[in-house]
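Colleague: task: produce atomic coordinates for the following.
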Amino acid sequence: GDEMIVWGSTSRGGVDVRDGAAFNPRTNRWRTIAPAPVGLNQAGGPSPSTVWTGQEMVVVGSRLDENNATTPPWSLYSTGLAYNPATDAWRKLPRVKLSPQASTAVWTGSKVLAWDYDLRAATYDPKQDAWRRLPDAPLEPCDAAPEGAATNRVVLAQGCGHALWNIQADKWVTVEPKADRSYGHGRVVAAGPVFLIAGATHESDANGLVAYNPR
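Modeller: Residues are numbered from 1 along each chain as shown. Sure thing, here's the model as predicted:
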């Protein structure tokens, strides 16, 4: 809309990075934003977990060390943060029972939908400042980074396979796999009513671009 917000770090070298900046393309200027209450290094990749709600930037993630463990050690689940650029202020979200090692999030139009590679899922309501646990995503359990994107009707969740979250019906729908091969290791973006998936097969023996129409 008005600015691009850059924040955080993916470094696991023990540095607690909390600073950030916002760029305004109309004025061609950067501004420093307020430091966050905690530093997260597992919130932007490989599975993006940052969404824009229309008022806030919501980040779901954790701080991992070089051994892929959380810091501090007792922090077993993901942490959430929200930044409001109008007030230049952060707030902490309630903890959510999602894997700190791999989770992703999308904006449904009214809530943040997040899920992890253990297939656990939850929605966050900014108005209520509360999480709601959902049924597990109907995907095959595997060690794959979760990915996803949303249209105004559905959310496409990707792991080892694909599943749809029907926003209006408030339920998961199983997606039948593509007959020849599934490009499950790639980025997912919404393009109008369809989804585009660019990446490689699980065995990395092929890559390509696939379009999926949920209708």
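Colleague: isn't residue 25 up against residue 1?
Modeller: No: assessed by CB atoms under 8 Å, residue 25 is found out of contact with residue 1, at 10.5 Å. Every C-beta, even on glycine, is put in place using the N, C-alpha and C of the backbone.
Colleague: who are the contact partners of residue 60?
Modeller: Applying CB atoms under 8 Å, 6 or more residues apart in numbering, we find residue 60 in contact with 43, 49-50, 78-80, 93, 96, 98, 103, 105, 112, 114, 124.
Colleague: inside strands: which ones of those?
Modeller: Among the contacts of residue 60, the subset assigned to strands under DSSP state E consists of 50, 78-80, 93, 96, 103, 105, 112, 114, 124.
Colleague: let's have those in CSV, adding distance to residue 187, pLDDT and neighbour count.
Modeller: Converted to CSV, the ones in strands among the contacts of residue 60 look like this (distance: CB to CB, whole Å; pLDDT from 0 to 100; neighbours: other CB atoms under 10 Å):
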residue, distance to residue 187, pLDDT, neighbour count
50, 14, 89, 20
78, 21, 79, 30
79, 24, 82, 23
80, 23, 87, 24
93, 25, 93, 19
96, 24, 88, 24
103, 16, 85, 27
105, 15, 93, 28
112, 19, 95, 25
114, 17, 93, 27
124, 23, 96, 24
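Colleague: just name the closest of those to residue 134, please.
Modeller: Nearest to residue 134 among the ones in strands among the contacts of residue 60 is residue 114, at 9.4 Å by CB to CB.
Colleague: now the nearest residue to the closest one once chain neighbours are set aside: how far from residue 188?
Modeller: Leaving out its chain neighbours, the residue that sits closest to residue 114 by CB to CB, 6 or more residues apart in numbering is residue 105, at 4.1 Å. Between residue 105 and residue 188 the distance, using CB to CB, to the nearest Å, works out to 13 Å.
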